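In: no FASTA, just this:
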């Protein structure tokens, strides 16, 4: 590798999103210069410190589907965090081009820019959905085969493979994060928003898709950010894959009961039936996080605690996202 | 799934290539109607039975980089074999767009066509390179994480993920084949062609890239085709991943010695040194094939036998490809 730099600005794609903006705040708090690249489709200026005008922060409104559009932001960077993606998994089933273009193609364009500008490290937000319906729970990073069941998952897996191949071919480092379900402020999709909206439309009943036995881990955004930073600080090796989640999980039914209780406890819960909530949903997910725990990191919130805290925020804000 | 058909033509992308054309011949021998789609960049009409004019065979010269170009061939098909790809792994390091466009993007366009035309089964030619430098040898299909080291490998992994996700989302079946190194007639790249060309240019010496200790499995094209057909006939389940290889492997040095012996034994062998032959090469590969053996299939040739047979053909034809 030529011209690699140990210090320099750090780039965050999707930096105006729910996870990205919290990462940006943490990076600024470390004294780093941060360049956010966001097309503001799901992200918002208002998520960013000082609405994007904070010191040492620049916002480039650009779409990664355009080749080279990210070049000015990437030039001279010491690292790139790639969080930009389609945020609505279900939308990808209706229109496969969404995840291909905002996921796979966008990641290719970004990595081409990283290669041209010789950035020494890329950190990529992948997802537990790359595992599909894993036969081993909790699922370790060494699990295979990877058979994603949604086009979102396929795009995440394609991104992982490209990050790994570029890192090996062009001599940079890659850190790949497989996220559990992330919940917290600013999230516009997911089970909590769905439930909150349903109760707002009809406070007497809460319909839960599937049989309610779907069981998953939920990681608070703060923990997701601290976990990624721990890996960035401490992991060695050219390409490293880390699951990020909690050591417990919680069912859709339990979440429904918590949401109903927070709304006064009067709604009755109904189930649509079947194992899966929707096409592409993976009903049982549980990541083994031993590898990241071994780095000395641990989440502040359990899955149940993360759900409780996020429900509190929603009720307080009287809307979703909180 | 609506409109699925149990019988109908079968489509082979890359059907005029070295592996594809042998598959096409086998499918025709089964009495099937075969539609070949090939851009004839590496494939040749001359590979096809009757130069592409055999009964029950049609050839569509089309490039999968163009959306929808494959639609007429895919309409009404009972299955699609997707073998088209960049055939030169090393070229992908020099220009990353090659594998992205001829691999990832091409597979996306093909799957979109499969979805639109409701084809019930896709069979996809992937590769052992999706494993990267696996820490477990022989490597089973359950190995993870998948960290490809070449852009070719990244494109193959992206294709696997898309096949799996489309199959789950739109209700068709997918069979994913992870090939060992395939050798046989019509191959324009690979270690045997390299060695043959080198000796033709200078019959006194054979330069081997790396230290010669690179060790891999080599599967004859006939065995590759019979293995894919066995899986297509016998595998169950919505998405199935199968390694295809042999139960032995052979070093680059041993192959060099065989090639030199076949050329009269006068050339001296020299090594460039280092573990890897070239950027993106995986020096040690060995697939566990227990899963496909359990279907009752086995390869006719060992790796050493496949190399011997292919060298014989090359010497007889006095050129590579034979």
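Out: Yep, it's here. This is a predicted model, so every value here is computed, not measured.
In: tell me if I'm right that residue A:11 and residue A:75 touch.
Out: No - in this structure, residue A:11 sits apart from residue A:75 without contact. The criterion is C-beta atoms under 8 Å, and the distance is 9.7 Å. Just so you know, the C-beta spots here come from the backbone N, C-alpha and C atoms, and that holds for glycine as well.
In: tell me which of the two has more neighbours.
Out: A direct count of neighbours by other C-beta atoms under 10 Å in any protein chain shown for residue A:11 and residue A:75 places residue A:11 higher, at 30 against 16.
In: show the contacting residues for that one.
Out: When contacts are counted by C-beta atoms under 8 Å, 6 or more residues apart in numbering or on different chains, residue A:11 is found next to A:34-37, A:70, A:73-74, A:77, A:79-81, A:119.
In: do you know how far it is from chain B?
Out: Distance check for residue A:11 against chain B: by C-beta to the nearest C-beta, to the nearest Å, it reads 19 Å.
In: got a pLDDT number for that residue?
Out: For residue A:11, the pLDDT comes out at 98.
In: name every strand pairing with the helix or strand hosting it and say which way it goes.
Out: Following DSSP states H and E, the helix or strand that holds residue A:11 is strand A:10-13. Take DSSP bridges as the rule and strand A:10-13 pairs in its sheet with strand A:34-38 (parallel), strand A:79-82 (parallel).
In: any idea which of those strands is most buried?
Out: Looking across those with neighbours counted as mean count of other C-beta atoms under 10 Å in any protein chain shown, the highest average goes to strand A:34-38: a mean of 28.
In: what's the following helix or strand past that one in contact with?
Out: Sequence-wise, the next helix or strand downstream of strand A:34-38 (DSSP H and E) is strand A:57-61. Counting by C-beta under 8 Å, 6+ apart, strand A:57-61 makes contact with A:15-16, A:24, A:28, A:33-40, A:45, A:48-50, A:52, A:70, A:72-73, all of which sit outside it.
In: please check those and keep the buried ones.
Out: Buried subset of the contacts of strand A:57-61 (neighbour count, 16 or more other C-beta atoms under 10 Å in any protein chain shown): A:15-16, A:24, A:28, A:33-39, A:45, A:48-49, A:52, A:70, A:73.
In: surely residue A:179 is in contact with residue A:126?
Out: Yes - taking contact to mean C-beta under 8 Å, the distance of 7.1 Å between residue A:179 and residue A:126 places them in contact.
In: and the residue in the stretch 201-322 of chain A positioned nearest to chain B, which of the three is it?
Out: When you check the stretch 201-322 of chain A against chain B by C-beta to the nearest C-beta, the closest residue turns out to be residue A:241, at 4.4 Å. Classification of residue A:241 into helix, strand or coil gives strand, according to DSSP: H, G, I helix; E, B strand; the rest coil.
In: please see if the helix or strand bottoming out on mean pLDDT in chain A touches chain B.
Out: Taking mean pLDDT, DSSP states H and E as the measure, chain A has helix A:89-94 as its least confident helix or strand, at a mean of 85. Yes - when contact is scored as C-beta under 8 Å from any C-beta of the partner chain, part of helix A:89-94 falls within range of chain B: residue A:93.
In: now stretch A:103-116
Out: Yes - in this structure, stretch A:103-116 sits against chain B according to C-beta under 8 Å from any C-beta; the contacting residues are A:104-105, A:108, A:111-112, A:115.
In: among those residues, which ones are buried?
Out: Burial of the residues of stretch A:103-116 next to chain B was assessed by neighbour count (16+ other C-beta under 10 Å); the buried members are A:104-105, A:108, A:111-112, A:115.
In: so where is the stretch 1-150 of chain A shaky, pLDDT-wise?
Out: A:1-6 (pLDDT under 70).
In: what residues does it put near chain B?
Out: A:93, A:96, A:100, A:104-105, A:108, A:111-112, A:115, A:130, A:132, A:140-150.
In: got a PyMOL select line for the buried ones in those?
Out: Entered in PyMOL, the line below selects the buried ones among the residues of the stretch 1-150 of chain A next to chain B, by 16+ other C-beta under 10 Å:
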select buried, chain A and resi 93+96+100+104+105+108+111+112+115+130+132+140+141+143+144+145+146+147+148+149+150
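In: now do the strands in the stretch 201-322 of chain A.
Out: Taking DSSP state E, counting those that start in this stretch to define them, one finds strands in the stretch 201-322 of chain A at A:205-208, A:215-216, A:218-220, A:239-244, A:250-251, A:268-271.
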